[in-house]
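> My questions concern the predicted model and sequence given below.
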Amino acid sequence: EAQVTQNPRYLITVTGKKLTVTCSQNMNHEYMSWYRQDPGLGLRQIYYSMNVEVTDKGDVPEGYKVSRKEKRNFPLILESPSPNQTSLYFCASSRDSMNTGELFFGEGSRLTVL
Amino acid sequence: AQSVTQLDSQVPVFEEAPVELRCNYSSSVSVYLFWYVQYPNQGLQLLLKYLSGSTLVESINGFEAEFNKSQTSFHLRKPSVHISDTAEYFCAVSENNFNKFYFGSGTKLNVKP
């Protein structure tokens, strides 16, 4: 089954404790991206990657890092989480950046930073 | 950067009634337009999209949206809603390279029996 898989789905952590949210897709997609969803703000793009070793900032990259060492994986790293990073995070992929633009989303990872 | 406005945060409607969810975007440059739907505790799914050609686009479950360049709008409509249409709907815009996507704040459609 074609899918985008995120882990963990739920996480409660404390300020400053480094964490990684993994994202993996099995569709051989070149393009991947991360979003955060907050009430009243919709989805905001954090980072995106057009291909292996190619990443770029979205609208809200502060406090986040990403890497794209393999085509299928695109982890989101919070080096020192803070309470304002409490949010619902979505990973998405697309066949390539010049395709039809359809994004395939994971089921989301709900992060709480205390 | 683009700005996408969905003025209605919630839209209550009775089953079989028509509905319109509004979306306006800011830029006048060439854009690609999308509507995504999010059911509870799930990720977003593409509902329909406008890339080029006919300004009226349709989905397989009866929704349609019309691209209006002069009004920079892409409103979503359905002539008769079902209970199963209850979900949150997001309008999204991408510019000419599909790298960056800008989403509206979402509209929760609540269909009542």
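Arrived safely.
> In the sheet, which residues pair with the spatially most central residue of chain B? Tell me.
Central residue check for chain B by C-alpha atoms, centre = their mean: the C-alpha nearest the mean position is that of residue B:35, 3.6 Å away. Beta bridges link residue B:35 to residue B:48, residue B:91 when assigned by DSSP bridges.
> what's near enough to touch it?
In this structure, residue B:35 makes contact with B:21, B:23, B:46-49, B:59, B:63, B:65, B:74, B:76, B:89-92, judged by C-beta atoms under 8 Å, 6 or more residues apart in numbering or on different chains. (C-beta placed from N, C-alpha, C; glycine too.)
> What ranges does chain A have for its strands?
Taking DSSP state E as the test, the strands found in chain A are A:4-7, A:10-13, A:19-25, A:31-38, A:42-51, A:54-57, A:65-66, A:76-78, A:87-94, A:104-105, A:109-113.
> I misspoke; the intended subject was chain B.
Using DSSP E, the strands assigned to chain B run over residues B:4-5, B:10-14, B:19-21, B:24-25, B:32-38, B:44-50, B:56-58, B:64-68, B:73-78, B:87-94, B:101-103, B:107-112.
> worst average pLDDT in the ones you listed?
Across these, the stretch with the lowest average pLDDT is strand B:56-58; it has a mean of 87.
> wait, does that strand contact chain A?
No. Residues of strand B:56-58 contacting chain A under C-beta under 8 Å from any C-beta of the partner chain: none, with a closest distance of 12.2 Å.
> distance between that strand and the chain's centre?
The gap between the average C-alpha position of strand B:56-58 and the chain average comes to 11 Å, counting by C-alpha atoms, centre = their mean, to the nearest Å.
> Check stretch A:64-71 too.
Mean-position distance between stretch A:64-71 and its chain equals 10 Å (C-alpha atoms, centre = their mean).
> For residue A:35, give me its contacts.
Neighbour list for residue A:35: A:43, A:44, A:45, A:46, A:58, A:89, A:90, A:91, A:92, B:103 [criterion: C-beta under 8 Å, 6+ apart].
> now the residue in chain A that chain B sits nearest to, nearest residue through space, not along the chain?
For chain A, the nearest residue to chain B under the criterion C-beta to the nearest C-beta is residue A:105, separated by 3.3 Å. Of all residues not flanking residue A:105 in the chain, residue B:43 sits nearest, at 3.3 Å (C-beta to C-beta, 6 or more residues apart in numbering or on different chains).
> Kindly provide the distance from whichever residue of chain B sits closest to chain A to residue A:3.
Among all residues of chain B, residue B:43 sits closest to chain A, at 3.3 Å; criterion: C-beta to the nearest C-beta. In this structure, residue B:43 and residue A:3 are separated by 10 Å, where distance is defined by C-beta to C-beta, to the nearest Å.
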